[in-house]
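[1] predicted model, plus sequence, below.
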Amino acid sequence: MGFFIFIQTVLNLPVVPASRVDLIVVLTGGEERIHAGLQMLARGHGKKLLITGVHNHVSLENILAQQNETFPSLKKSIILGKKAVDTQSNAIEAADWVKKTKAHSLLLITANYHMPRSLLIFNHYLPHTNISTHPVNPRSVHQNNWVTWPGTMGLLFLEYNKYLVSLIWIGLLRL
């Protein structure tokens, strides 16, 4: 039953335009996420954009070259985080940048199926930061027919289980 509630939650997360935040944080893992972050920065929703989980060999120019539109004026406002390798280290890296920039609010951008776990972990590492969310609905995830697509069903089931493990882990840390 919990799995189906999780599915309904992630497939119906609203994409609400963010108010202005101090820091936009994009978790790598999908091209659409980075593009959404760049658009939010270009529209003035944030002062800085942290793209966390970037491979060491990837440059800002590489990232910008993959976009369908150009964002040349934003280069000075983009930070590439190259320390993170998973959601927990994404949150730790973002927490470091929140401290460095004295940010009080951030906009978290990741895939809709990844948002519940990401938000849980980010709230753990950034308890005094106001976190807004911007879920991205990846084109490669067959959301309307997830039951008939084994890859999508497997992805959602895996993410649900990771969410449960994170929930237990954070609960144990609070004991």
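    Great, that's in hand.
[2] helix/strand/coil for L41?
    The three-state label given to L41 by DSSP: H, G, I helix; E, B strand; the rest coil is helix.
[3] separation between it and T101?
    Separation of L41 from T101 (CB to CB, to the nearest Å) stands at 14 Å. In short, each C-beta sits where N, CA and C put it, glycine included.
[4] what lies in contact with stretch 50-58?
    Applying CB atoms under 8 Å, 6 or more residues apart in numbering, the contact partners of stretch 50-58 are 23-29, 34, 37, 63, 78-85, 89-90, 93-94, 97.
[5] could you dump that stretch to PDB, C-alpha only?
    In PDB, the C-alpha atoms belonging to stretch 50-58 read as follows (Å, rounded to 0.1, in the frame of the first residue of the first chain):
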ATOM      1  CA  LEU A  50      24.900  24.900  -7.400                       C
ATOM      2  CA  ILE A  51      25.000  21.900  -9.700                       C
ATOM      3  CA  THR A  52      26.100  19.100  -7.300                       C
ATOM      4  CA  GLY A  53      27.400  15.700  -8.300                       C
ATOM      5  CA  VAL A  54      29.300  16.900 -11.300                       C
ATOM      6  CA  HIS A  55      32.000  14.600 -12.600                       C
ATOM      7  CA  ASN A  56      35.600  15.900 -12.200                       C
ATOM      8  CA  HIS A  57      36.200  16.000 -16.000                       C
ATOM      9  CA  VAL A  58      33.100  18.000 -16.700                       C
END
